[in-house]
Structures are given as C-alpha cells and as structure tokens.
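Participant: sequence unknown, structure follows:
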C-alpha cells in the first residue's frame with residue numbers, strides 16, 4: 001500500500017480515536033474519518049502518479065469512457 005494512503009488512514013484513525021474520548025456515540029465518526037483520510041490519501045497518490053506520467057492520460061480517458069459510456073441495453 002502506498003505511503004500517502006497509509007498516512008491518510010492513520011491520520012483519520014487518530015483523529016477518530018480522539019473523538020471517541022468525547023463519548024461512545026463518536027465511534028461511527030472514527031470509521032468516517034478513517035475512510036475520509038484514506039480517500040484523501042488515495043486521491044493524492046493517484047494524482048501524483050498522473051503528474052509524474054506513470055499513468056497515461058489518454059488510456060485513462062478511454063477506460064473511463066468504456067466504463068461510463070452511454071450504451072443502449
């Protein structure tokens with residue numbers, strides 16, 4: 001797993017654990033902030049790979065168009 005995703009997960013988890021000390025009702029917020037941290041980490045990691053050229057933009061556009069293309073059923 002790439003380092004930015006791990007950092008995002010840990011930051012979200014630590015922030016959520018701090019909120020747990022406020023009461024048991026904050027347990028759902030731990031999961032929310034952990035998921036939010038992992039999403040931010042993934043977006044940064046993916047953006048960096050696009051920026052450095054490890055992912056080809058044209059190929060990514062073609063893949064997105066195939067997945068979300070307006071096909072008739």
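Facilitator: Arrived safely, thanks for sending. As the structure is a computational prediction, the values presented were derived from the model and not from experiment.
Participant: can you tell me the closest non-neighbouring residue to residue 13?
Facilitator: Spatial nearest neighbour of residue 13, excluding adjacent residues (CB to CB, 6 or more residues apart in numbering): residue 34 at 4.9 Å. The way it works is simple: take the backbone N, C-alpha and C, and place the C-beta from them, glycine included.
Participant: tell me how far the one you found lies from residue 68.
Facilitator: 28 Å (CB to CB, to the nearest Å).
Participant: same question, residue 37
Facilitator: 27 Å.
Participant: these two - which one has more neighbours?
Facilitator: residue 37 (22 against 8; other CB atoms under 10 Å).
Participant: state the next helix or strand along the chain beyond the helix-or-strand element of the chain with minimal mean pLDDT.
Facilitator: When the helices and strands of the chain are compared on mean pLDDT, DSSP states H and E, helix 3-20 comes out lowest with a mean of 76. Once the chain leaves helix 3-20, the next helix or strand it forms, by DSSP states H and E, is helix 27-52.
Participant: packing partners of that next one?
Facilitator: If contacts are counted by 3 or more CB pairs under 8 Å, 6 or more residues apart in numbering; DSSP states H and E, helix 27-52 sits against helix 3-20.
Participant: shaky segments in this protein?
Facilitator: 1-2, 19-20, 22-27, 71-73 (pLDDT under 70).
Participant: rerun that using 80 as the cut-off
Facilitator: Across the chain, residues meeting the criterion (pLDDT under 80) sit at 1-9, 12-32, 34, 70-73.
Participant: from residue 34, how far off is residue 17?
Facilitator: For residue 17 relative to residue 34 (CB to CB), the value is 10 Å.
Participant: meant to ask about residue 62, not that
Facilitator: Where residue 34 is concerned, residue 62 sits at a distance of 33 Å (CB to CB).
Participant: over to residue 61?
Facilitator: 31 Å.
Participant: so which of those two has more stuff around it?
Facilitator: Comparing residue 61 with residue 34 by other CB under 10 Å, the one with more neighbours is residue 34, at 20 against 10.
Participant: if we can go back for a sec, wait, the residue nearest to residue 13 touches residue 6, no?
Facilitator: No. Between residue 34 and residue 6 there is no contact under CB atoms under 8 Å: 11.7 Å.
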